[in-house]
Structure formats: C-alpha cells, structure tokens
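Undergrad: sequence first, predicted model second:
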Amino acid sequence: MMEKKEIIYNGESVKVFGTGSPDHVLVCFTDNITAFNKIKRAVIADKGKLNAAISTMIFNLLEKGGIKTHFIRQVSATEQLCRRVEDIPIEVIVRNVVAGSMAARLGLEEGLRPSSTIYDLCYKNDDLCDPVINDYHAIALGIVTREELDVIYGMTERINAILLPLFRSVGIDLVDFKIEFGRLPGGEIILADEINPDSARFWDAETGEKYDKDRFRRDMGKVGDAYRTIYGKLVSLCHPDGIPEGYPSAELLSDGWTRNIQDND
Ligand code: CDP
C-alpha cells in the first residue's frame, strides 16, 4: 500500500495526495460526479474503479505513442502513482465534433464536424467557472511562454492523432476532450491529467448514443453503463486476452449488471 500523506488537491472526482516522496503523488478516483460548477451532484457506483482503469489504459496507449505523462503505475483499484508536477492552470479542449458549450456559445448544431480540429484554452479557476482565453491571454498573463504553448499544442495534436483512430477502431467517435499539463522540476512539460468519460465526449459511431458525463448532465440515465461501455472498449483494445488482475471484474461488464442504484439509471 502506497503511503497517503497530505491532501494536495481535493477535487470531486479525483483527489491527489502526497506520498512522502517529493517526486510522487497518489491520484485517487472517487465515485462522485458533479456538473454545472458542482451544483448538480451524485454518486455513481464503481465510477472510481472504472475511471482509474480507463485512465491507466489511455496513459499506456499514449506512452506507447511517445507522449510523456505523469502516470507511473496503478497501485490499487482506484489509485495511481504519478509524478509530481507544477500545475499549469490551463485546460486545453480538443474538439473534433461540435458539442456542449461550444455549440451553445456559437449557436451551432451539436454533431457538426468542423473542417479542422478546434482547440480551446480555458483558464483554470473555479470561482470564474474556467473562462475561455486565448494564446495572448495565456502568455501575457505569465501562465505559459510562447515556447511552452507550442509544446503543449504539439503534444495535444499528437494525443488526438493517437486516440482518434484507436477509438474509431472500436466504434467510438471521440467528440471532444479536456487535458491539462504540468512542469517537471527541470521545466519539461508532460501530460498531467487523465482522460475519461468525465472529461471527454464519446459517441457511438453508428448510433450517436452518448457514453460520457453528458448522460448525467442531461438526465439521460444509465450513467454507470456508459462508463462501463468505454471501459469494455478499452479492455478489448489494450488487453484482448482478458481483464488484468486488479481491474474492475468481468461481471461488471456483463449485460444487465445492476446493483443497488446510487446511479440515476
Ligand atoms: O462540458 P461543457 O459543455 O460545459 O463544456 P465543453 O467546453 O463543451 O467541454 C468540452 C469537453 O471538455 C467535454 O468533454 C467536457 O466534459 C470537458 N471539460 C472538462 O472536462 N472540464 C471542464 N472544466 C470543461 C470541459
């Protein structure tokens, strides 16, 4: 068991703890889900386990594709050991398909496919509801240098180029996703945020069915099943011979799997 020390980040779906080592943190995934700046909240049974496994598999796929990430290894069903970084308070949003706040802001139809990928920057600040900014704001306000931003955009483009065809190969449209970066002590920039159905939109490529947090935001039901679907797709990509030890078990994936509903199924 990894030592859990002081709390560094007390988020709703993720909590980050010190480990006693200055170079490492423990990232812990919870079953809590929130939306609309935490006004709407619920508990989704097993979401923490599913997101931890989803995030681990995506980090492994990205590392194989040459992306440096903070991920070291999964240490329990809901916990990952990660490298400690200095957070860069910017969220980078990648949009392959128009959805959510962008559709609302610009009066566009959800599902519209832009002619090229769209990147948004948001300033990470809960009190301000993470406002959209642009490169000029980020540089002028001293959040990143131009050179760092070029590295961030380059890595982001590569991450999308790795994930888009992988998800498509299992029938999933990667509509959009949010990522964050951090600096290692020497200044190197690495990916420092997990990708999972809390922070990305996944649509069935055939039917358009949603397998992400929009099911919770929009009261569509079967929230846990959506996370389970993405987990199952990634298992089939990453572990075609079966579910590895320590991962959410097979019965979690079987059709009709239900349990005491804390989920709004
Ligand atoms: O989710 P919402 O419609 O409010 O915002 P968006 O700008 O359309 O979000 C684009 C993508 O980034 C979605 O997959 C969101 O789940 C994700 N996102 C996030 O994870 N955290 C945020 N603070 C904002 C967006």
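TA: Yep, it's here. This one's a predicted model, so the numbers in the text were calculated from it and none came from an experiment. Residues are numbered from 1 along each chain as shown.

Undergrad: name the single longest strand found in the protein.
TA: Within the chain, and with DSSP state E defining each element, the longest strand by residue count is strand 172-179.

Undergrad: which residues touch the nearest residue to residue 188 once chain neighbours are set aside?
TA: Leaving aside its sequence neighbours, residue 188 sits nearest to residue 68 (CB to CB, 6 or more residues apart in numbering; 7.3 Å). All C-beta spots, glycine's among them, are computed from the backbone N, C-alpha and C. Residue 68 is in contact with 188, 190-191, counting by CB atoms under 8 Å, 6 or more residues apart in numbering.

Undergrad: please apply the same query to residue 238.
TA: Shown in contact with residue 238 (CB under 8 Å, 6+ apart): 57, 60-61.

Undergrad: now swap in residue 151 and tell me
TA: Residues in contact with residue 151 (CB under 8 Å, 6+ apart) are residue 189.

Undergrad: check which helix or strand it maps to.
TA: Assignment of secondary structure by DSSP states H and E places residue 151 within helix 146-169.

Undergrad: and that helix with the ligand, contact?
TA: No - contact between helix 146-169 and the ligand is absent, the nearest approach being 12.5 Å (criterion: CB under 6 Å from any ligand atom).

Undergrad: list the buried residues for that helix?
TA: 148-149, 151-152, 155-156, 159-160, 162-164, 166-167 (16 or more other CB atoms under 10 Å).

Undergrad: next: stretch 74-89.
TA: By neighbour count, and taking 16+ other CB under 10 Å as the criterion, the buried residues in stretch 74-89 are 74-75, 77-85, 87-88.

Undergrad: could you work out the most separated pair of the buried residues of helix 146-169?
TA: 148 and 167 (27.9 Å; CB to CB).

Undergrad: quick one, helices of the stretch 1-150 of the chain?
TA: Secondary structure of the stretch 1-150 of the chain by DSSP state H, counting those that start in this stretch: the helices cover 47-64, 100-106, 135-140, 146-169.

Undergrad: mind putting these into CSV with mean pLDDT?
TA: Shown next, in CSV, are those (pLDDT from 0 to 100):
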stretch, mean pLDDT
helix 47-64, 96
helix 100-106, 97
helix 135-140, 98
helix 146-169, 98
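
Undergrad: I'd like the ones you listed as TSV, with distance to residue 221 appended.
TA: Shown next, in TSV, are the helices of the stretch 1-150 of the chain (distance: least, CB to CB, whole Å):
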stretch	distance to residue 221
helix 47-64	15
helix 100-106	19
helix 135-140	38
helix 146-169	23
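
Undergrad: report how many residues lie close to residue 111.
TA: Residues near residue 111, counting by other CB atoms under 10 Å, number 13.

Undergrad: surely it is in contact with residue 96?
TA: No - between residue 111 and residue 96 there is no contact under CB atoms under 8 Å: 11.2 Å.

Undergrad: who's the spatially closest residue to residue 9 that is not a sequence neighbour bridged to?
TA: Counting by CB to CB, 6+ apart, residue 9 lies nearest to residue 16, which is 4.0 Å off, once chain neighbours are set aside. In this structure, residue 16 has the following beta-bridge partners (DSSP bridges): residue 9, residue 27.

Undergrad: assess the claim that residue 16 and residue 8 are in contact.
TA: Yes - counting by CB under 8 Å, residue 16 touches residue 8, with 4.5 Å between them.

Undergrad: so what sits against both of those two?
TA: Taking CB under 8 Å, 6+ apart as the criterion, residue 16 and residue 8 both touch residue 25.

Undergrad: neighbour count for those two, which is higher?
TA: residue 16 (18 against 15).

Undergrad: relative to the ligand, how far out is the more buried one?
TA: Residue 16 sits at a distance of 16 Å from the ligand (criterion: CB to the nearest ligand atom, to the nearest Å).
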